[in-house]
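# Structure of the sequence below:
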Amino acid sequence: MLDQDVSHDVIASFGPFRLSVSERLLARGGEPVGIGGRALDILIVLVEHAGEVLSSKELLKRVWPDVIVEEGSLRVHLSNLRKALGDGKDGNRYIANVAGRGYSFLAPVQYSARMIPAPPSGGAGRPKRLPPRLERMIGREETVAALSSLLSERRFVNVVGPGGMGKTTVAVAIAHSLRGAFSDQIYFLDLGALGDASLVPGAVTSTLGLSSQATQDPVSALVAFLVDKPTLLVLDSCEHVIDAVAVLAERLFAEIPLMHLLTTSREALRVEGENVHLLMPLEGPPEDSGLTAAQALAAPAVQLFMERAVAGGLCAELSDADAPILAAICRRLDGIALAIELAAGRVGTYGIRGTAELLDDRFKLLWHGRRSAIPRHQTLQAMFDWSYNLLSPYEQTILRRLSVFVGPFTLKDAIAIASDGEADASAVADAVESLVNKSLIRTSELAGSTYHRLLDTSRVYAAAKLAETGEGAALSRRHAHHYADRFKPDSTRATAFGNRDVSAYEPHMGNIRAALEWSFSDGGEAQNGVQLAAGAAPLFLGFSLLGECERWCERGLSALGETDRGTERELALQAALAISSMFTRGNSDAVRKAIERGIGLAEALRDGQYKLHLLAGLNIFLTRIGDFRGALACAERSVLVAAELGEQSGVIMAEWMLGVSHHLVGNQAASQRHSDRGLELEADAGSVQVDFFGYDHRIRALIALARALWLRGMPERALKTADQAVEEAIKREHPVAVCMSLVYTVPVYLWSGDFDRAAQWIERVLAYAAKYSLAPYHAMGLALKGELMILQGEPAEGAQLLRSAVATLSAERFNILATAFLRALAEGMIRSGQLDEATTTIDRAIALADQAGETYDRPDLLRVWAEIRLAYSPPDVSAAEDSLLQAVYWAGKQAATAWELRAAIPLARIWQQEGQADRARDLLGRLLQRFGEGVGTADVRTASDLLAELNGTSANASR
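I've put the predicted structure just below:
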């Protein structure tokens, strides 16, 4: 058996060559053969299939699996490979071009194996949102290596240079080279599509995939999310939002020690920690009239030019005669990669000499002796002028019109904006294809579809040309109308209901923003903006861009015309505003009004789906502020709406809402019944989406069920259900659901006396809430930690934590556990001897319970009030007894056997001291008989011990 720490390396031998696939090494006579990475990839594929014919398509697929590459690039690398192998020299044949079929490796291949160390397990994961390494990266290898080292050491590098120099190419290559160091924590964001600097933090937050609730304070969310892990964040094209990026980058660098930042821009950010690297032009060949082709091809600028020329249709190799001419072209283009590509794209038509003549004619006033005095962006401007003038008039028109797009667009989008009618569609398609071939438009695969995009510099240039024609306003209007028509509310409505995948919409967000900006501008059309805002709102929600959602919904609602009031457009805007503001504004009256206004609109329009959606939101809002009776009434309304709507997901959700609401008002039998009913319906229905208003209602139902089961005297099933709620929430990786499950099930463990499990979950909720900036859940976690400390004998410290947490939650009107935390605080004060403060605190809790109409924990509040009376010296036994009798009564009314038992224990002690042992024994015995499970919980053990003591007392009395 082979040692587990080694593996086999297969060596392929042919002629004088030995090829090691694992080491990616081609050797001849023991000496390495210089060969490019892509050429080596082609050789490996061909050798693996020696004797077979592989088509060009198959080779492209195997060698460039994640990149869109033209066949011309394959021919270039095959030519270089043949030269490296000496193919055709001295009668040696290795690679054959089989006409009409593809390529084949001809030489006999022999295989051998040797043992090599195995790589470490657990390799790096695929980077998130990182574009594939670009196929053409010439002359930047040393730069990438140096900057990778600098970034690893200094943590913050800004690649600076003029447009078209290749900054993005270098940045992507650096990120790929560091994949192993950062594992899955590499994030890439192209800021080119962002028109508003204020949106930078939110865009970065969305790129990291934070939950919607995490965007209330985007920068703090970023700091919390990234503070504990090595992370590389790449921000590309920062120049147009440079002030916002500078502020963000400086804070991230200062507050996240493990954060590494890589930015690209046309100027320095000028902030602390930044290491500026000026990206120099590609190196060109020396000025030498006797320059040979081989000497010229040693220069990266010439390599790039020839590769792009071959891709553009050049069939001949570079000759010695043309080498000096091409060297002059590259020098005149200042080594700017984009300018070189643009010029090379014309060689297929004009040849190298013809291209040089065009260059001379167009630039002779700019180049003679004054190149160093001309800013590089003007050089690129001149290059665009030249390239633009080579286009046909119709191509020029299409390029100008396409400049209204901000970010990716489809061919269908291009036709809609650039054509003058249906008959012109094919001409536009042809022009777009031509512009792609001339490197003025890039094509890529996004979300499973083909998208086009003008380079930023191309778009700026074309937009200036569009302004000269006077067509700008009309094209902006057409663009805005197109996106309003494309993303009507009815087409995006489905994303508002349930956990729908919105990733396919991401390429369009830049254009949607641009269309909204124009529509609501002074020269725009606000009514078009109203329609687009209504359609785009669910998308902003889907990408957790809550600030933008709120902004555009408010703009849309403020611009509503009379014909739009009371329509589905207003409803869509109002509903999205309610959702977004619930997380951006907290539990304010404005949020409640937004939800209720939406419900009113839904009722008027008889839109049951939106009404049910918004009722779910209102139910959550009311539970959060502690209005449990109101929440129950809302749940009861939902039952009727769901029945009318006839959607199973709505019926299930309504049952779960009832389960939660009945638990909170103290109807524990009803809570168990409705929670179980919803779970049964879900099991019968199979896979359904029950994700209303951004909350996982299944997790809410499991939490309510666990708590109701414990209160009803079924602690073992309660604990299993609590575990299930937490496990499901963690599995779904939804931060709010995780925090919700932990916060509301920890009391079940505390009630049961399982302090170890409670402590474990408390620490976990604190970590989650801090990581995702969920402030209310963090405060509740601290409150639970304080309660646990009191129960474990640290009353003063625990009470201090509770005071602080209760104050925070009160300020946020997050009152769902307010009475429970005040009760715990009062118990801590009792144990610290602060009886007057304890009285004030428990009175406040009871007042809140009265204000809520009813609460699940009223019996426990009455118990603690009695405990305070008994703690005084002398104790007020009569008042305590009355309060405990009330607690037992209310617990029985609520079907809360656990609360009955908890109140019965101190009541039985009072009766024992008053000589009423039989009465005490009867009460405890009756209650303990109801517990068919959970005999090991703290209250059951205490009650059993007391009952045994009472039985002994009774026996002694009878003797």
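
# Nearest residue to Pro875 in space, ignoring adjacent ones along the chain?
Arg869 (6.4 Å; CB to CB, 6 or more residues apart in numbering). For every residue, glycine as well, the C-beta is placed using N, CA and C.

# repeat for Asn951
Counting by CB to CB, 6+ apart, the residue nearest Asn951 is Arg921, at 6.4 Å.

# In three-state terms, how would the one you found be classified?
In three-state terms, and counting by DSSP: H, G, I helix; E, B strand; the rest coil, Arg921 is helix.

# residue contacts, it?
Ala908, Leu947, Leu950, Asn951, Ser954 (CB atoms under 8 Å, 6 or more residues apart in numbering).

# out of these, which are buried?
Among those, the ones that count as buried by 16 or more other CB atoms under 10 Å are Ala908, Leu947, Leu950.

# which SSE is the first one in?
Take DSSP states H and E as the rule and Ala908 turns out to sit in helix 897-913.

# got the buried residues for that helix?
897-912.

# Helices of the stretch 301-450 of the chain, start to end?
323-332, 337-344, 347-367, 376-390, 393-402, 411-418, 425-437 (DSSP state H, counting those that start in this stretch).

# no no, the stretch 801-950 of the chain
818-831, 835-852, 858-871, 877-893, 897-913, 917-928, 938-958.

# Let's have the ones you listed in JSON lines, adding distance to Asn667 and mean pLDDT.
Listed next are the helices of the stretch 801-950 of the chain as JSON lines, based on distance: least, CB to CB, whole Å; pLDDT from 0 to 100:
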{"stretch": "helix 818-831", "distance to Asn667": "16", "mean pLDDT": "96"}
{"stretch": "helix 835-852", "distance to Asn667": "14", "mean pLDDT": "94"}
{"stretch": "helix 858-871", "distance to Asn667": "12", "mean pLDDT": "97"}
{"stretch": "helix 877-893", "distance to Asn667": "9", "mean pLDDT": "96"}
{"stretch": "helix 897-913", "distance to Asn667": "13", "mean pLDDT": "96"}
{"stretch": "helix 917-928", "distance to Asn667": "20", "mean pLDDT": "94"}
{"stretch": "helix 938-958", "distance to Asn667": "21", "mean pLDDT": "78"}
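
# can I get those helices in a markdown table with distance to Gly273?
Converted to a markdown table, those look like this (distance: least, CB to CB, whole Å):
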| stretch | distance to Gly273 |
| --- | --- |
| helix 818-831 | 42 |
| helix 835-852 | 48 |
| helix 858-871 | 53 |
| helix 877-893 | 60 |
| helix 897-913 | 56 |
| helix 917-928 | 65 |
| helix 938-958 | 54 |
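
# Could you chop this protein up by domain?
6-117, 141-278, 293-389, 391-470, 859-959 (automatic domain parsing).

# Worst mean pLDDT among these?
For these, mean pLDDT drops lowest on domain 293-389, to a mean of 73.

# Now the terminal residues of that one, how far apart.
30 Å (CA to CA, to the nearest Å).

# Work out the gap between it and the centre of the chain.
42 Å (CA atoms, centre = their mean, to the nearest Å).

# please begin residue numbering at 54 from this point
Happy to do that; since the first residue is 54 now, the last one works out to domain 346-442.

# Asp903 - how many residues pack around it?
A count of nearby residues for Asp903, using other CB atoms under 10 Å, gives 11.

# Please read the previous query as pertaining to Arg770.
Neighbour number of Arg770 under other CB under 10 Å is 16.

# quick one: pLDDT of it?
95.

# Geometric centre of this protein: which residue is closest?
The residue lying closest to the centre of the chain (CA atoms, centre = their mean) is Gly262, at 1.1 Å.

# Make sure it is indeed in a helix.
No - counting by three-state DSSP, Gly262 is located in no helix; its state is coil.

# Can you list phi and psi of it for me?
Dihedral pair for Gly262: phi 70, psi 30, per degrees, to the nearest 10.

# about what we covered before: can you say which of the helices of the stretch 854-1003 of the chain is nearest to Leu134?
helix 871-884 (72.2 Å; CB to CB).

# contacting residues around that closest one?
Under CB under 8 Å, 6+ apart, the answer for helix 871-884 is 679, 800, 833, 836, 839-840, 843, 848-849, 851-852, 855-856, 858-859, 862-863, 888, 890-892, 894-895, 897-899, 901-902, 905, 908, 910, 913-914, 917, 920-921, 924.

# What of stretch 135-153?
Residues outside stretch 135-153 that contact it (CB under 8 Å, 6+ apart) are 67-68, 70, 79, 86-88, 92, 96, 99, 106, 131, 134, 156-160.

# who wins for proximity to Phe636 among the domains of the chain?
The closest of the domains of the chain to Phe636 is domain 194-331. By CB to CB, the value is 5.0 Å.

# now do the same end-to-end measure for that closest one.
15 Å.

# Just the buried residues from the contacts of helix 871-884, in PyMOL please.
In PyMOL syntax, the buried subset of those is picked out as below (16+ other CB under 10 Å):
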select buried, resi 679+800+833+836+839+840+843+848+851+852+855+856+858+859+862+888+890+891+892+894+895+897+898+899+901+902+905+908+910+913+914+917+920+921+924
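
# how close does the residue nearest to Ile899 when sequence neighbours are not counted sit to Leu332?
Leaving out its chain neighbours, the residue that sits closest to Ile899 by CB to CB, 6+ apart is Leu914, at 5.3 Å. The gap separating Leu914 from Leu332 is 68 Å, by CB to CB, to the nearest Å.

# Nearest to Asp270 among the helices of the stretch 354-503 of the chain would be which one?
Short answer: helix 464-471, nearest of those by CB to CB, at 34.9 Å.

# list the buried ones in the closest one?
For helix 464-471, burial by neighbour count (16+ other CB under 10 Å) applies to Leu464, Asp466, Ala467, Ile468, Ala469, Ile470, Ala471.

# isn't the first one right up against Leu488?
No - here Leu464 does not reach Leu488: they are 11.6 Å apart, not a contact under CB atoms under 8 Å.

# Surely Ser108 touches Glu124?
No - the pair Ser108 / Glu124 is not scored as a contact, 10.4 Å apart, by CB under 8 Å.

# before we move on, the earlier item: I'd say the residue nearest to Pro928 and Arg916 touch.
No - Arg922 is beyond contact range of Arg916, at 10.9 Å (criterion: CB under 8 Å).

# Report the set of residues contacting both of these two.
With CB under 8 Å, 6+ apart, Arg922 and Arg916 have common neighbours Ser936.
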